[in-house]
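>>> Pasting a predicted model and its sequence here:
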Amino acid sequence: MLGKSRFSVICTLLLTLTACATQQTGSRSSVVSYLYPDKAVPQTLTAIPQLTLPLRMGIAFVPGTSSNRSSNAMPWVEVQSNPLTENHKAQMLNSVAAHFGAQPFVGHIEVIPSAYLTAGGSFANLDQLKAMFNIDVIALVSYDQVQFTDDSKLSLSYLTLVGAYLVAGQKNDTNTLMDTAVYAIDSRTLLFRAPGTNQLKGRSTPVDLQKELRQDSLQGFLQANDDMIKNLETQLQQFKQQLQQNPDAVKLNYKPGYGGGSCGVSVMLLLLCLWLKANGNISLRQAAAPRQLQ
């Protein structure tokens, strides 16, 4: 009887270890939840957004949340979600800000810490940011990252202490989505948006699981951020083309010294028009049209 009991215990333990054990963790933030917390769309303040060039722009992460869901959770390890730290956010925001700052139509860009954004703050919060940081346009960055940890057949080696330290029996998948949505604050209008994605696959021992997941989480965010910046350039060019094709979609104003008005600028514009007409590129009337977003 004793032998049968031992055999039953061993079989039960093996079946438990070979069962599909999955742990899912994640962290996310949503522009929709931030701007429309009550699922009601506020009425726009003006029909046509107005942009004053060069732009004074802000960029910030919207408030986020974390989650931890499991299925047949592994009894020997507890996986915890790892939301972005403020240092990580600042690093990524600065890289996006550098891209926007290189555009000739952006005069100033302000990196806004997360502490200034309130969960569900909606456009009232954006109005506060506009007054505090003297900005007219804001780029809201959101993210959605999910990490899966599964047992592999190598997890049988965890029956020994050496196996738990040396055998990489955990399969880790990290899926990351980032998104930048650029809004004109006064009109509450979405100007354009750009996503970025990344997927990482890795393995780890149960002892090093937390460390590996943290590293994969950070790398997933950084690489998704790089992909988002590439897409921002594409979306920005498309936005410029839309303005050229439909100049009435956005009203452009110009600060003194930027959009013309001085004698020197007028002379330069006239010379440019004559040169373009002589070369047959565009008509004089087209060349003298209001300046578009550059």
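On my side now, so go ahead.

>>> tell me the domain ranges of the chain?
30-245, 260-294 (automatic domain parsing).

>>> Show the pLDDT at Leu93.
For Leu93, the pLDDT comes out at 95.

>>> ranking the domains of the chain by mean pLDDT, which is last?
Minimum mean pLDDT among the domains of the chain: domain 260-294, a mean of 45.

>>> What segments of the stretch 1-150 of the chain are helices?
2-18, 31-35, 86-101, 122-133 (DSSP state H, counting those that start in this stretch).

>>> what does the stretch 151-294 of the chain give?
Using DSSP H, counting those that start in this stretch, helices in the stretch 151-294 of the chain cover 161-166, 209-245, 263-278, 284-287.

>>> residues in contact with Thr197?
Thr197 is in contact with Asn175, Thr176, Leu177, Met178, Ala224, Asp227, counting by CB atoms under 8 Å, 6 or more residues apart in numbering. Any C-beta I mention is one placed from the backbone N, CA and C, and that applies to glycine too.

>>> Pro195 is in contact with the fourth one, correct?
What it means is Met178. Yes: between Met178 and Pro195 there is a contact under CB atoms under 8 Å: 6.9 Å.

>>> which neighbours do those two share?
What both Met178 and Pro195 touch, as defined by CB under 8 Å, 6+ apart, is the set Met228.

>>> which of the two has more neighbours?
Met178 (29 against 16; other CB atoms under 10 Å).

>>> Specify the beta-bridge partners of that one.
Tyr143, Gly196 (DSSP bridges).

>>> if I look at it, how far off is Tyr34?
Met178 sits at a distance of 15 Å from Tyr34 (criterion: CB to CB, to the nearest Å).

>>> ok, now Arg214?
Applying CB to CB to Arg214 and Tyr34 gives a distance of 26 Å.

>>> In terms of neighbours, single out the busier of these two.
Per other CB under 10 Å, whichever of Arg214 and Tyr34 has more neighbours is Tyr34, with 24 against 13.

>>> so what's the more buried one up against?
Tyr34 neighbours (CB under 8 Å, 6+ apart): Val62, Pro63, Leu117, Ala119, Gly120, Gly121, Ser122, Asn125, Leu140, Ser142.

>>> how many neighbours does the first one have?
If I follow you right, that is Val62. Quick note: Val62 (other CB under 10 Å) scores 23 neighbours.

>>> got it, and the third one?
Neighbouring residues of Leu117 were enumerated by other CB under 10 Å; the total is 20.

>>> so what's the backbone phi/psi at it?
For Leu117, the backbone dihedrals (degrees, to the nearest 10) come out as phi -110, psi 130.
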